[in-house]
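# need the 3D shape of this:
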Amino acid sequence: MIRSSTKVTDIARRIVNLKCRWAGHIARRTQTRTADGAAKYWNDGHGQVDAAWTGFPQDGPMIWSRLREYPGCGLHRTDHRGDLWGRPKPSSGRYMAEKRKKNKIANVSTSKQLRSDELVVHRDNPENNPKTPFEFSEANLNRLCAVIQNYPEGAQRSALGAALDLVQRQIGWIPISAMHKVAEILSVPRMRVYEFATFYTMCKRRNRGKFNVKVCVTTPCMIRGSDIILQAVEVATKCKTGGLSEDGVFGVDIVQCQGACADAPVMVVNDDYYEDLTLDNVYEIINALKAGCIPPQGPQSGRFCAEPCCGQASLLEPPPAPGFKLQPALAK
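Predicted coordinates:
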């Protein structure tokens, strides 16, 4: 066993030596520098390679690194995940990227990148700071008190979601001063309100205008042309996605599934759903909002709710009363 191991080691050393001599021969011809971080010459003048190891200890001897000779550029070390000549493996992301580039195939879609201050970081500005005036209206304050009474003493924090929803319905968004007011009413630390408002994406922590137009871009809506609907919304409102129109009336956002996949494509304005949209529908809805009118919500194709194109085929009769088909003893 020892002899066999020694022979294998000796053969491996000879292979490494031959490969290094081969690399040194090419390097003498090209007189080029290496592509690794040390920028050393491949050739030490004696037919050997002066950098027997790469800059990555886990790669082992240079022979196990991938070598490639570029025309006019000399011998370079390439990505160790490729094959012997530096070509990416078919399973690698680099291979797929090069294939898409070669075949002129565009990426399907990428998620919109959100700024950090839209996620968990607050920065004071003239519009949103602790001194921004906010007070609950009398009606909303009465509603909040009624909600708080639904919970036992000491569990008022359970009304946090309802309180922030009332704030958003009153002024359209949730400034940090309103969060402080909610924390004061519910007797909870301000951090608990921050955690809730930054976790749930339906909590809007910046002004989204009088009409917040949200276009669904999930798979069913995307297949039905939500990207074209989004472009039409941007043109009609003169507002880019994630921004606010100059007059402060419209704010445009992209959202994920709104639960109306059977009626795709879908657009939500504040709390009103507009479904089965076409380009003409988009312009009609936006123009009506500009004129101060709230257009009828629901499917814009004329069908009722999510009924099939051939008309309603189920639930044609009133549903039976509770206890239907139960045993008499259980129905009492």
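
# now do the same end-to-end measure for stretch 216-236.
17 Å (CA to CA, to the nearest Å).

# buried set for it?
By neighbour count on 16 or more other CB atoms under 10 Å, the buried set for stretch 216-236 is 216-218, 220-222, 224-226, 229-230, 232-234, 236. For every residue, glycine as well, the C-beta is placed using N, CA and C.

# can you check stretch 242-258 too?
243-245, 250-255, 258.

# got these as a markdown table, with secondary structure, pLDDT and distance to residue 276 columns?
Output for those, formatted as a markdown table (DSSP: H, G, I helix; E, B strand; the rest coil; pLDDT from 0 to 100; distance: CB to CB, whole Å):
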| residue | secondary structure | pLDDT | distance to residue 276 |
| --- | --- | --- | --- |
| 243 | coil | 85 | 27 |
| 244 | strand | 87 | 28 |
| 245 | coil | 88 | 25 |
| 250 | strand | 92 | 22 |
| 251 | strand | 90 | 23 |
| 252 | strand | 91 | 20 |
| 253 | strand | 88 | 21 |
| 254 | strand | 89 | 19 |
| 255 | strand | 88 | 18 |
| 258 | coil | 89 | 13 |
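
# and the furthest pair within the buried residues of stretch 216-236?
220 and 236 (22.8 Å; CB to CB).

# hmm, back to that, okay, and which of the buried residues of stretch 216-236 map to strands?
Those of these mapping onto strands are residue 216, per DSSP state E.

# out of the buried residues of stretch 216-236, which comes closest to residue 283?
Checking the buried residues of stretch 216-236 one by one against residue 283 (CB to CB), the nearest turns out to be residue 236, at 5.4 Å.

# what's the local residue count around the closest residue in space to the closest one that isn't next to it in sequence?
Using CB to CB, 6 or more residues apart in numbering and skipping the chain neighbours, the partner closest in space to residue 236 is residue 286 (3.9 Å). Residues within reach of residue 286, counting by other CB atoms under 10 Å, total 22.

# residue 282 now?
25.

# repeat that for the one 5 residues further on.
Other residues near residue 287 come to 12 when the count uses other CB under 10 Å.

# quick check: the gap between it and residue 323.
51 Å (CB to CB, to the nearest Å).

# list the contacts for the residue nearest to residue 236?
The contact partners of residue 286, by CB atoms under 8 Å, 6 or more residues apart in numbering, come to 213, 233, 236-237, 250.
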